[in-house]
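*Asks:* Quick one, fold the following:
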Amino acid sequence: MPRKPRIYLPGIPCHVIQRGNNRDACFYSDQDYRFYLDCLERACSRYKVLLHAYVLMTNHVHLLMTPSDAYGISRVMQSLGRRYVQYINRVYRRSGTLWEGRHKASIVDAEKYLLTCMRYIELNPVRAGMVAHPGEYPWSSYRVNGQGEHDALITLHECYARLGDSVDVRCHHYRSLMAYQLDIDDIHAIRSALIYSLPLGDERFIDQIEAAIGRSVGYAKRGRPGIREKEVGYIL
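*Replies:* Reported below is the predicted structural model:
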């Protein structure tokens, strides 16, 4: 069965996930996390991709990015694949693949889902039981979006920037959002969109995407997960 093509469009944010092969770890030390972020910053700068949120988990990563063209995100992920895997293989004297297949990606209706996706990404360590609060986890963008720290890697998305006119006000409103649990239907919609490479948004957004690419893409509906989602939901 042919692989479903991923969709990337200039100026449209995209939620990307990549996981370790066989659920194995892809980070082993603090230096590994730092090197990955350095690779990510260099690749995003080179290919003109803006990063809005991220989390680096032990065996997978989430990235929320906006490309300037249809090829930027693919080139960023290819660059990461080359540089980071070479680094891991050299440092730990291993060989072979590190990641499990192709990364998964879902373009996001920013007006409806961008802040929800940011919260989903930065709450990942909390859902995994690694920390009680996202601010306790060092390898995510929460310290920027929720605590106001500067990081050249992160570019504020317009939807986040509208939370307030100053860093303190934006962070205050974002922390208020983080205090609420994510809606279970939103979680299922985000996961389904990633699994099936579907746009995440309402019917208007889907119609716009289909018009832009000239084909039908399907729809990531809200609601309870199907069998396939239950099988792979653990990675998200």
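*Asks:* correct me, but residue 99 touches residue 18?
*Replies:* Yes. Residue 99 is within contact range of residue 18, at 5.5 Å (criterion: C-beta atoms under 8 Å). C-beta coordinates here come from the backbone N, C-alpha and C atoms, glycine included.
*Asks:* so how far is the host helix or strand of residue 66 from its chain's centroid?
*Replies:* Following DSSP states H and E, one finds residue 66 within strand 60-67. In terms of C-alpha atoms, centre = their mean, to the nearest Å, the centre of strand 60-67 is found 3 Å from the chain centre.
*Asks:* Name the residues of the longest helix seen in the chain that are buried.
*Replies:* In the chain, ranked by residue count with DSSP state H as the criterion, the top helix is helix 72-91. Residues 72-77, 79-81, 83-85, 87-88 are the ones in helix 72-91 that count as buried (16 or more other C-beta atoms under 10 Å).
*Asks:* who does the residue positioned nearest the centre of the chain bridge with?
*Replies:* With distances taken as C-alpha atoms, centre = their mean, residue 63 lies nearest the centre of the chain, 2.6 Å away. Residue 63 forms beta bridges with residue 16, residue 54, as assigned by DSSP bridges.
*Asks:* quick one, what contacts it?
*Replies:* Residues near residue 63 by C-beta atoms under 8 Å, 6 or more residues apart in numbering: 15, 16, 17, 40, 51, 53, 54, 121.
*Asks:* and what of residue 55?
*Replies:* 61, 62, 121, 122, 124, 125, 137, 139, 140, 141.
*Asks:* Then residue 193?
*Replies:* Here residue 193 is in contact with 15, 106, 199, 200, 220 (C-beta under 8 Å, 6+ apart).
*Asks:* Can you report how many residues lie near the fourth one?
*Replies:* Residues within reach of residue 200, counting by other C-beta atoms under 10 Å, total 27.
*Asks:* Now for this protein, the helix or strand with the poorest mean pLDDT.
*Replies:* In the chain, no helix or strand scores lower on mean pLDDT, DSSP states H and E than helix 227-232, which sits at a mean of 42.
*Asks:* quick one on the thing from earlier: could you list which of the contacts of residue 55 belong to helices?
*Replies:* Per DSSP H, helices hold the following members of these: 121, 122, 124, 125.
*Asks:* Pull the most distant pair out of those residues.
*Replies:* 121 and 125 (10.0 Å; C-beta to C-beta).
*Asks:* Common neighbours of the two, please.
*Replies:* What both residue 121 and residue 125 touch, as defined by C-beta under 8 Å, 6+ apart, is the set 55, 140.
*Asks:* My read is that residue 194 contacts residue 105, right?
*Replies:* Yes. Here residue 194 reaches residue 105: they are 7.4 Å apart, a contact under C-beta under 8 Å.
*Asks:* Name the residues contacting each of those two.
*Replies:* Common contacts of residue 194 and residue 105 (C-beta under 8 Å, 6+ apart): 15, 17.
*Asks:* ok, now which residue in this structure is the farthest from the centroid?
*Replies:* Most distant from the centre of the chain: residue 93, at 29.0 Å, with distances by C-alpha atoms, centre = their mean.
*Asks:* tell me the pLDDT at that one?
*Replies:* Looking at residue 93, its pLDDT reads 94.
*Asks:* what do you get for the one 5 residues further on?
*Replies:* Model confidence at residue 98, expressed as pLDDT, equals 92.
*Asks:* ditto for residue 180
*Replies:* Reported pLDDT for residue 180: 85.
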